[in-house]
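Undergrad: with the sequence up front, the predicted model follows.
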Amino acid sequence: GAVVSQHPSWVICKSGTSVKIECRSLDFQATTMFWYRQFPKQSLMLMATSNEGSKATYEQGVEKDKFLINHASLTLSTLTVTSAHPEDSSFYICSAKITSGQGGTQYFGPGTRLLVL
Amino acid sequence: KNQVEQSPQSLIILEGKNCTLQCNYTVSPFSNLRWYKQDTGRGPVSLTIMTFSENTKSNGRYTATLDADTKQSSLHITASQLSDSASYICVVSLQTGANNLFFGTGTRLTVIP
């Protein structure tokens, strides 16, 4: 149980285009999902927290207009990288939490590799 | 300040040998500590989870220890295999907060034949 999927697993795009990444909780409902970014040889860095039906909360330094997050249902959150540039190339990982509010366990997706040319 | 530090940063061992990875944290109030294995290009996969009252927990060849007094944890891998080559990340959870995870920078383990 508690499986989180991401789609696509990797994507290559031209600079200036937008890319959408999906994160799904397959066998549970997730009121809260998280989006992380990971650069080579570094640990995961939290980008934003999204709660179903409300606006995402972005970490300091993360541009909300560039990284659009939509959490329209209890099993799906999407991250759209708008007008992507080469510096946005990274490994994007989502996680989903089973219980809302305090505590809870986060389950991670397999990640999406983004390469912007 | 809530922090999680891991050592060593990287480690190379021969197949079949044992190794121990370290994690020190200053996260408070502490809820639990997890060790994750992250293969290159993949998301983290949980190996063990330990709460305040637990000292040792095993998962196959992986054994985690926790000393809540000194705020230290270790992950011991026995009889290493080539497939153990990965990054091992220590993650400490707060008792409160919607986002309550603090990540270590990981230890990159390479097992060579």
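TA: That came in fine, so what should we check first? Small disclaimer: the values here were computed from a predicted structure and weren't measured.

Undergrad: close to chain A: what parts of chain B are there?
TA: Neighbours of chain A within chain B, by Cβ under 8 Å from any Cβ of the partner chain: B:31, B:36, B:41-46, B:49, B:89, B:93, B:95-101, B:103-106, B:108. Every C-beta, even on glycine, is put in place using the N, C-alpha and C of the backbone.

Undergrad: only whichever of the residues you listed are buried, select them in PyMOL.
TA: This is the PyMOL syntax for the buried subset of these, where burial follows 16 or more other Cβ atoms under 10 Å in any protein chain shown:
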select buried, chain B and resi 31+36+42+43+44+46+49+89+93+98+99+100+101+103+104+105+106+108
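
Undergrad: next, A:Pro86: phi, psi?
TA: In terms of degrees, to the nearest 10, the main-chain angles of A:Pro86 are phi -50, psi -30.

Undergrad: burial of it, as a residue count?
TA: 9 (other Cβ atoms under 10 Å in any protein chain shown).

Undergrad: and for B:Thr78?
TA: By other Cβ under 10 Å, neighbour count at B:Thr78 equals 14.

Undergrad: what's the worst-scoring helix or strand of chain A on mean pLDDT packed up against?
TA: Lowest mean confidence among the helices and strands of chain A (mean pLDDT, DSSP states H and E): strand A:106-108, at a mean of 87. Strand A:106-108 sits against strand A:90-97, with contacts defined as 3 or more Cβ pairs under 8 Å, 6 or more residues apart in numbering or on different chains; DSSP states H and E.

Undergrad: ok, now which ones touch the residue of chain B found nearest chain A?
TA: Closest residue of chain B to chain A, Cβ to the nearest Cβ: B:Gly43 (4.2 Å). Going by Cβ atoms under 8 Å, 6 or more residues apart in numbering or on different chains, B:Gly43 touches A:4, A:6, A:93, A:108-111.

Undergrad: which one of those residues has the most neighbours?
TA: In terms of neighbours by other Cβ under 10 Å, those top out with A:Gly109 at 29 neighbours.

Undergrad: do I have it right that that one meets A:Gln6?
TA: Yes: judged on Cβ atoms under 8 Å, A:Gly109 makes contact with A:Gln6 at a distance of 4.0 Å.

Undergrad: what is in contact with these two at once?
TA: Common neighbours of A:Gly109 and A:Gln6 (criterion: Cβ under 8 Å, 6+ apart): A:23, A:93-94, B:43.

Undergrad: for those, which one is nearest A:Ile12?
TA: Taking Cβ to Cβ as the measure, A:Ile12 lies nearest A:Ile93 of the shared contacts of A:Gly109 and A:Gln6, at 18.1 Å.
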